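Participant: The following comprises the amino acid sequence and a computationally predicted model.
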Amino acid sequence: MGSTYGGQRSLLQSYLQVSTLHGTYMAQVTVLYFAAASTATGRYEETVTLPTTPFPLSSLASHLTSLHPGTGLDKVLATSQWSVDAVMVYEPETCHLKGGEEVAVIPPVSGG
């Protein structure tokens, strides 16, 4: 599958994000990494299996950090913002992931 930056995810893509593991459905999301988050992980995007569903967006930072230990990702995520399906999420504790979403990690941007 190609990158879906800025585009709408099709229903088929959402269905493809759900996989079967040992007979249990495991929901997955596509995580897009920008700037320092991409540098820390060495990736632009990855498919991440959610430990439970619905999974609180506010817990995703610790889950991603556990997948990329010792990379400094924890520090990047502490100051980053999130978007889910191209919509900014300003209160991550109110957002729950069900699988099939595209979640973007948006670190602070500096410049002049």
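Facilitator: The structure has been received and is ready for your questions. Small disclaimer: the values here were computed from a predicted structure and weren't measured. Residues are numbered from 1 along each chain as shown.
Participant: Tell me where this protein has strands.
Facilitator: Assigned by DSSP state E, the chain shows strands spanning 19-21, 24-26, 28-33, 45-49, 55-56, 81-84, 87-89, 96-97, 102-106.
Participant: Just want the most central residue of this protein.
Facilitator: Val31 (3.1 Å; CA atoms, centre = their mean).
Participant: what sits against it?
Facilitator: Glu45, Glu46, Thr47, Val48, Leu60, Leu64, Val103, Ala104, Val105 (CB atoms under 8 Å, 6 or more residues apart in numbering). Where C-beta positions appear, they are placed from N, C-alpha and C, glycine not excepted.
Participant: now it: how far from Thr79?
Facilitator: Applying CB to CB, to the nearest Å, the value for Val31 to Thr79 is 17 Å.
Participant: Would you work out how far apart the start and end of stretch 88-100 are?
Facilitator: One end of stretch 88-100 to the other measures 17 Å (CA to CA, to the nearest Å).
Participant: average pLDDT for that stretch?
Facilitator: Averaging pLDDT along stretch 88-100 gives 96.
Participant: Now it: buried residues?
Facilitator: By neighbour count on 16 or more other CB atoms under 10 Å, the buried set for stretch 88-100 is Val89, Pro92, Cys95, Leu97, Gly99, Gly100.
Participant: go on, stretch 62-70?
Facilitator: Buried-residue list, stretch 62-70, by 16+ other CB under 10 Å: Leu64, Thr65, His68.
Participant: how far away is the nearest residue to Thr65 once chain neighbours are set aside from Gly100?
Facilitator: In this structure, Thr65 finds its nearest non-sequential neighbour in Asp74, 4.5 Å apart by CB to CB, 6 or more residues apart in numbering. Distance of Asp74 to Gly100, computed by CB to CB: 26 Å.
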